[in-house]
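S.K.: turn this into a model:
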Amino acid sequence: MNKVFALLVLAGVPLSILGGLFHWPSVVMFAVYCVTIIALASYMGRATESLAIVAGPRIGGLLNATFGNAVELIISVFALKAGLVGVVLASLTGSVLGNLLLVAGLSFFVGGLKYKRQEFNVYDARHNAGLLTFAILVAFVIPEVFSLHMSEGETLSLSVGISVIMIILYVAALYFKLVTHRGVYQHKSDEVEEHEEPEWGKGKAIAILALATLAVAYISEKLVHTFETVAESFGWSELFIGIIIVAIVGNAAEHASAIIMAYKNKMNVAVEIAIGSTLQIAMFVAPVLVLISLFFPTSMPLVFSLPELVAMATSVLLMIVLSNDGDTNWFEGATLLAAYTIMGIGFYLL
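M.R.: Prediction:
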């Protein structure tokens, strides 16, 4: 598989540059850009995994989620610059749904096919449940409800205030988990880490990470300019492109990493990637995008559509119910995947 991704990068990056220079058809270039970004994301995932070998499941999962979400952030910034606020909000929704239902679902399902039961830290699951409830059911719902009785300026001011609070709380949550209460809430499911050799040395991993991020930034800008043409060609809505296409492409790195970790029965890492990435999207990436949008002609309030809010809220509730016991199996994974499919069909038909 690594050889396949290497070939895709070697072919995809030059084709992306040539296609942009010679203005090849947007539909063709959309496919080239998406495949190339996914291939580059695999390198970002391998680089972060090498850097995280000795860091433990929490920091390893955080690194995977952070650099996986870097792709999402880069695509979203260029989309905001192009004035595609709807696509950005939809891609944030898609990231939440994708991580909670698709990534976690595939991880539980694939791991469950190999192992009858898989356990993970129940204390982390309960801690994450509280943060998910705050991020989605409080911080995302409040602007939508209050905006009904506010002007656009007041709604944007509320969004900025909420964004600052969410960033502060997210940083505090990391400090709580990694510093003040590190090792306090141990559970029998915590894996005994075996000595592993990283695939790449520290210097090489950092260099690959930097180069892949630069390449993704360049291709992402080109990808954004194909959205309108692709939407017209396939009859896709802006909502569907953001929720399904951009979210899957933007989160490809942690998708693969979480499934591989689950197959290796490293469920603490898999869950940390899936849920940790969701929290990072909701409590850090979304607020940062709101603040960045203030420097562009079109600002982005933290106001989602009703279908987006309902989909995210039900995803959070389903994940909390299934994960709160710190135990999972393939059927719970299938349940999450079924929910993702149902929502995907709904957004496609909207």
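
S.K.: low-confidence ranges, the stretch 201-350 of the chain, go.
M.R.: By pLDDT under 70, the weakly predicted segments of the stretch 201-350 of the chain are 250-254.

S.K.: got phi/psi on Asp327?
M.R.: Note on Asp327: backbone dihedrals following degrees, to the nearest 10 are phi -140, psi 140.

S.K.: residues contacting it?
M.R.: Arg117, Gln118, Glu119, Phe120, Val122 (Cβ atoms under 8 Å, 6 or more residues apart in numbering). All C-beta spots, glycine's among them, are computed from the backbone N, C-alpha and C.

S.K.: so what's the last one closest to, chain neighbours aside?
M.R.: Read that as Val122. Nearest residue to Val122 in three dimensions, chain neighbours excluded: Gly326, at 2.9 Å (Cβ to Cβ, 6 or more residues apart in numbering).

S.K.: and the pLDDT at Leu100?
M.R.: pLDDT, Leu100: 92.

S.K.: about what we covered before: isn't the residue nearest to Val122 right up against Ala129?
M.R.: No. The pair Gly326 / Ala129 is not scored as a contact, 11.1 Å apart, by Cβ atoms under 8 Å.

S.K.: which parts of the stretch 101-250 of the chain are strands?
M.R.: Assigned by DSSP state E, counting those that start in this stretch, the strands in the stretch 101-250 of the chain fall at 118-119.

S.K.: can you pull the contacts of Ser293?
M.R.: Contacts for Ser293 (Cβ under 8 Å, 6+ apart) come out as Leu80, Val85, Ser299, Met300.

S.K.: now, those that are in helices?
M.R.: Counting by DSSP state H, the part of the contacts of Ser293 found in helices is Leu80, Val85.

S.K.: dump the contacts of Ser293 into a markdown table; add distance to Val288 and neighbour count as well.
M.R.: Output for these, formatted as a markdown table (distance: Cβ to Cβ, whole Å; neighbours: other Cβ atoms under 10 Å):
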| residue | distance to Val288 | neighbour count |
| --- | --- | --- |
| Leu80 | 11 | 23 |
| Val85 | 15 | 19 |
| Ser299 | 14 | 19 |
| Met300 | 11 | 25 |
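
S.K.: looking at the contacts of Ser293, spot the one nearest Pro25.
M.R.: Leu80 (25.5 Å; Cβ to Cβ).

S.K.: list the contacts of the closest one.
M.R.: Val88, Leu289, Ile292, Ser293, Phe296, Thr298, Met300.

S.K.: among these, name the ones in helices.
M.R.: With helices defined by DSSP H, the entries of these inside them are Val88, Leu289, Ile292, Ser293.

S.K.: how many neighbours does the second one have?
M.R.: Pointing back at Leu289 there. Neighbourhood size, Leu289 [other Cβ atoms under 10 Å]: 24.

S.K.: with adjacent residues omitted, what lies nearest to it?
M.R.: Take Leu289 and drop its neighbours on the chain: the residue closest to it by Cβ to Cβ, 6+ apart is Ser76, 5.5 Å away.

S.K.: mind listing what that neighbour touches?
M.R.: Neighbouring residues of Ser76 by Cβ under 8 Å, 6+ apart: Val88, Ser91, Leu92, Gly250, Val285, Leu289.

S.K.: over to Phe284?
M.R.: Phe284 touches Met166, Ile167, Tyr170, counting by Cβ under 8 Å, 6+ apart.

S.K.: pick out whichever of those residues sits closest to Gly344.
M.R.: For those, the nearest to Gly344 is Met166 (26.9 Å; Cβ to Cβ).

S.K.: hmm, Ala217 is touching Val71, no?
M.R.: No. Ala217 is beyond contact range of Val71, at 9.0 Å (criterion: Cβ under 8 Å).
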